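[1] could you look at this predicted model? Sequence included:
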Amino acid sequence: MHSTIGNRGIFGISLIFLALLIAIPTYGQEKEKVSGKELQDVMDLMEDPQKREGFLRDLENIIQAREAATEEREKRPVEQPAREEREVLVIENLFSRFDSISKNVMDAAASMVSLLGRGPAAYERAKSFLSQPENRSKMWRLAVDVGVGILIALILKLLLKGYPPRLTSRMKALSSKITLGFLKVLLILIPYGAILASLFIFFRILPSFALGHSLALLFFMVLFFYRMTLEVFRVLLSPDEERFRILPFSNENANYFWIWILRFTNYTAFYVWVTKALFVVQIPSPALSFLRALLLIVFPLMLSVFIMQISREIRARYADSPKNPENADEGSKNTRRWIVRYWPIPAIAYSWAIFIFLIIHYEKGFHYLFKATLGTVITLVALLIALRILGWVFKRFFSISEKVKTRFPGLEEKTNRYILLLRKVFRWILIIIALGIIAQKWGIPVSTLVASKTGSLIILRAIAILITLGVVFAIIGTSDYLKEYFLKSKRGKKKKEITQKRKTLLPMINTTVKIAAGFIGGIVILDRLGVNTTPILAGAGIVGLAVGFGSQTLVKDLINGLFILFEESVRVGDYADLGKNEGVVEAVGLRTIRLRDVSGNVHVVPNSSVDTVTNMSKEFSRTVIDIGVAYKEDVDAVMDILREIGEEMQNDPQYGKNILEPIEIFGLHKFDDSAIVVRARLTTKPLKQWGLKREFNRRVKRVFDERGIEIPFPHRTLYMGEPKQGPAPPLQVQMKETKGQELPA
């Protein structure tokens with residue numbers, strides 16, 4: 001009994017094992033039948049008790065493991081069914097395939113090289129093939145079929161030659177141009193269609209080589225579509241005759257597009273014929289893919305050149321067009337400017353993406369590109385609509401009437417200064433939202449990033465940075481406004497004269513505020529970005545201390561400059577003497593004073609070297625005039641004449657406006673060797689004293705000549721002296737008669 005059960009168990013186990021061997025397929029291969037060796041192994045297992053018991057234990061362990069796994073699965077909570085495939089971004093999938101793509105490229109290149117290496121052998125096979133009489137007769141039949149087809153096409157072309165000109169001469173209206181242009185294309189294509197039809201017929205009547213039939217039909221079919229494309233564009237552009245042109249292009253633009261259409265059409269025809277012909281002759285698939293990729297890469301290169309040329313022409317025309325149309329707001333102009341400047345980038349990217357997908361046979365890429373492009377277009381349209389609505393709202397509620405703007409030209413800028421800033425903020429918010437949606441459409445997980453902890457942190461820090469920038473710009477704007485206000489303040493109906501101190505200090509304070517606000521704002525922004533700013537602050541303190549110790553002269557210049565500015569010792573436009581140099585003051589700064597002398601030389605004087613300042617044009621100027629007359633003249637009469645001349649100049653319309661007070665006659669000033677000197681003084685406007693003094697001297701000379709008042713030349717009285725003994729030596733005087741003159745008696 002036991003033996004019977006044991007034999008039956010062994011027999012059953014053997015059958016199960018044999019069934020497993022038959023049922024398990026090998027990976028990548030078809031199911032195979034059980035070999036003799038495997039049957040022998042089964043027989044050995046049945047005969048050996050130890051092997052049989054080990055096999056039974058292994059089966060028992062497998063059964064227990066399966067039962068335990070089943071119980072564990074039953075105890076698990078019910079979960080959502082896992083997706084079979086993780087959703088992967090198309091771009092990520094594309095990059096993940098780069099390894100396999102590069103391997104395929106290398107294999108294709110190797111296959112292409114191998115194919116080229118088999119060229120001589122192929123030539124010998126073709127030579128041997130043509131050496132057979134039967135094959136040569138088939139080649140002759142193929143040539144006859146093609147020749148007859150071409151002859152039929154030539155006959156049809158000669159018959160239809162005179163018909164298109166009679167049609168095109170009647171083209172006037174647009175509808176007539178389109179209709180008759182279509183007829184012209186049809187008449188031109190009839191001979192090429194006749195070639196294809198005749199070849200189909202003759203290849204059935206006189207068959208030769210199937211491969212030759214395919215290549216000939218492929219060639220003439222490509223030629224047919226090539227001519228159809230060219231003739232359609234010739235009708236549309238009509239590069240030779242403008243009156244037949246359908247598209248509204250100038251002669252130059254029509255010929256430009258015609259040249260590029262010829263280039264694209266010629267190369268497309270070449271590409272299609274070569275790739276299809278190689279496919280027909282059944283070259284290895286890797287080599288065909290490699291050659292196809294090499295030929296396809298020319299298309300995006302040509303498109304990139306074409307797009308850049310078009311972009312340059314559009315930018316040039318946009319630059320020549322009116323930049324500030326009255327009916328366009330600033331946002332529309334900026335949008336148009338951005339489109340004109342940057343549209344080539346997505347256009348070139350699209351062309352390269354399309355052809356790269358074609359090269360690597362990535363079908364999902366086109367779906368991804370179409371879906372993302374459609375979403376981008378919809379988002380941009382919605383953005384433009386939102387921007388228009390935003391502009392309409394601000395224009396509707398914050399606009400100022402033309403009447404008010406005409407009465408108060410600067411009122412709109414004052415009232416809408418921060419309103420325009422608020423409008424720009426809303427505008428940028430809309431643009432950022434649209435960019436986020438576009439990025440999401442292109443596969444960038446913006447929503448996931450925003451919802452994550454890291455994204456929230458980035459957004460909060462970005463908001464803090466924006467607030468900091470807003471505060472910094474507000475401080476700078478307030479500083480600029482206060483500077484302009486104090487430099488343009490008025491008193492009553494007259495403009496208040498702006499002092500040089502204010503002109504110098506206000507820009508300096510404004511610059512200091514800008515630097516301080518920018519530095520503090522930069523520190524805060526760096527801190528929000530996670531940069532440790534403590535070393536920066538410590539380094540700035542050390543650098544400031546080092547600069548303070550190493551630039552004592554500079555500090556002295558600055559301190560002296562501050563005192564000069566506060567005291568207003570000199571101002572721009574004054575004539576000052578600074579000790580070693582004098583001239584008109586051109587600039588007064590915190591470190592130097594710049595002078596220009598009468599000769600035009602510029603002197604830059606450090607403030608630390610200025611010990612004494614002599615300002616010759618502070619509020620008013622005076623000129624002292626010394627007039628010398630002979631000892632014989634009446635001094636009182638001379639002073640009266642000088643007073644008359646001073647009154648005359650004060651009443652003069654040209655010079656009187658620069659004289660502030662009547663002339664002052666001080667009287668007889670001194671006795672010189674050859675003259676007595678009378679001193680007078682004029683009080684003038686700043687920097688006018690020298691010109692008035694020269695005019696006064698000119699009038700004195702004229703009046704003295706008229707009234708016979710002598711202005712003596714310098715002379716000396718000679719005294720021979722007295723010697724200690726005897727009389728003084730005689731003075732020898734010789735008088736000579738000059739020709740034509742008599743000596744005085």
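    Sure thing, it's come through.

[2] where does the stretch 301-450 of the chain have low pLDDT?
    Scanning the stretch 301-450 of the chain for pLDDT under 70 picks out the ranges 320-335, 361-363, 365, 400-418.

[3] strands of that one, start to end?
    Read by DSSP state E, counting those that start in this stretch, the stretch 301-450 of the chain holds no strands at all.

[4] Lys580: which element?
    Using DSSP states H and E, Lys580 sits within no helix or strand.

[5] where does Phe209 fall, phi/psi-wise?
    Here is the backbone geometry of Phe209 (degrees, to the nearest 10): phi -110, psi 130.

[6] over to the one 5 residues further on?
    Recorded main-chain torsions at Ser214 are phi -60, psi -40, according to degrees, to the nearest 10.

[7] who touches the closest residue to Ala439 other than its chain neighbours in this structure?
    Excluding the flanking residues, the one nearest Ala439 by Cβ to Cβ, 6 or more residues apart in numbering is Val446, at 5.0 Å. Every C-beta, even on glycine, is put in place using the N, C-alpha and C of the backbone. Neighbouring residues of Val446 by Cβ atoms under 8 Å, 6 or more residues apart in numbering: 436-437, 439-440.

[8] and Phe233, by the same measure?
    Taking Cβ under 8 Å, 6+ apart, we find Phe233 in contact with 258, 261, 265.

[9] packing partners of the helix or strand harbouring the last one?
    Using DSSP H and E, the secondary-structure element containing Thr265 is helix 251-280. Under the contact criterion of 3 or more Cβ pairs under 8 Å, 6 or more residues apart in numbering; DSSP states H and E, helix 251-280 touches helix 210-237, helix 285-296, helix 298-320.

[10] what do you get if the cut-off is 6 Å, keeping everything else the same?
    helix 210-237, helix 285-296 (3 or more Cβ pairs under 6 Å, 6 or more residues apart in numbering; DSSP states H and E).

[11] for these, which one sits closest to Leu278?
    With Cβ to Cβ as the measure, helix 285-296 is the member of these nearest Leu278 (5.5 Å).

[12] elements contacting the closest one?
    Counting by 3+ Cβ pairs under 6 Å, 6+ apart, helix 285-296 packs on helix 98-117, helix 251-280, helix 344-360.

[13] so which of these comes closest to Leu374?
    Judged by Cβ to Cβ, the one of those that comes nearest to Leu374 is helix 344-360, at 13.0 Å.

[14] then Gly544 would be within a helix, right?
    Yes - membership of Gly544 in a helix is supported by DSSP: H, G, I helix; E, B strand; the rest coil.

[15] what's the spacing between it and Phe202?
    98 Å (Cβ to Cβ, to the nearest Å).

[16] does the residue lying closest to Ile520 once chain neighbours are set aside count as helix, strand or coil?
    With Cβ to Cβ, 6+ apart as the criterion, Ile520 has its nearest non-adjacent residue at 7.8 Å, and that residue is Val472. With three-state DSSP as the basis, Val472 sits in helix.

[17] quick one: Val472 and Val185, what's the gap?
    67 Å.

[18] what of Leu218?
    Per Cβ to Cβ, Leu218 is found 22 Å from Val185.

[19] then Asp673?
    For Asp673, the distance to Val185 - Cβ to Cβ - is 116 Å.

[20] more neighbours, these two?
    When neighbours are counted by other Cβ atoms under 10 Å, Asp673 and Val185 differ, and Val185 comes out ahead with 18 against 9.

[21] got the buried residues for the one helix or strand that one maps to?
    Per DSSP H and E: Val185 is located in helix 174-205. By neighbour count with 16 or more other Cβ atoms under 10 Å, helix 174-205 contains the buried residues 177, 180-181, 184-185, 187-189, 191-192, 194-196, 198-199, 202-203.

[22] next one: stretch 136-150
    So, applying 16+ other Cβ under 10 Å, buried residues of stretch 136-150: 138, 141-142, 145-146, 148-150.

[23] helices of the stretch 451-600 of the chain, start to end?
    453-487, 500-528, 534-550, 552-567 (DSSP state H, counting those that start in this stretch).

[24] dump these to a markdown table, plus distance to Arg245.
    A markdown table is the format used below for those (distance: least, Cβ to Cβ, whole Å):
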| stretch | distance to Arg245 |
| --- | --- |
| helix 453-487 | 54 |
| helix 500-528 | 59 |
| helix 534-550 | 68 |
| helix 552-567 | 73 |
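
[25] ok, which of the ones you listed comes nearest Ile345?
    Here helix 453-487 is closest among the helices of the stretch 451-600 of the chain (Cβ to Cβ), at 25.3 Å.

[26] and the helices and strands packed on helix 285-296: which comes nearest Phe398?
    Going by Cβ to Cβ, the one of the helices and strands packed on helix 285-296 nearest Phe398 is helix 344-360, 34.7 Å.

[27] tell me what that closest one is packed against?
    Looks like helix 344-360 contacts helix 285-296, helix 298-320 (3+ Cβ pairs under 6 Å, 6+ apart).

[28] run the last query once more with 7 Å
    Applying 3 or more Cβ pairs under 7 Å, 6 or more residues apart in numbering; DSSP states H and E, we find helix 344-360 packed against helix 285-296, helix 298-320, helix 363-398.

[29] contact partners of that helix?
    101, 293, 296, 299-300, 303-304, 307-308, 311, 365-366, 369 (Cβ atoms under 7 Å, 6 or more residues apart in numbering).

[30] present the residues you listed as TSV; the columns should include neighbour count and distance to Ile356.
    Listed next are the contacts of helix 344-360 as TSV, based on neighbours: other Cβ atoms under 10 Å; distance: Cβ to Cβ, whole Å:
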residue	neighbour count	distance to Ile356
Ile101	17	10
Ala293	19	10
Leu296	15	9
Phe299	18	11
Pro300	21	8
Leu303	19	13
Ser304	16	13
Ile307	18	16
Met308	13	19
Ser311	18	21
Gly365	19	8
Phe366	14	11
Leu369	16	10
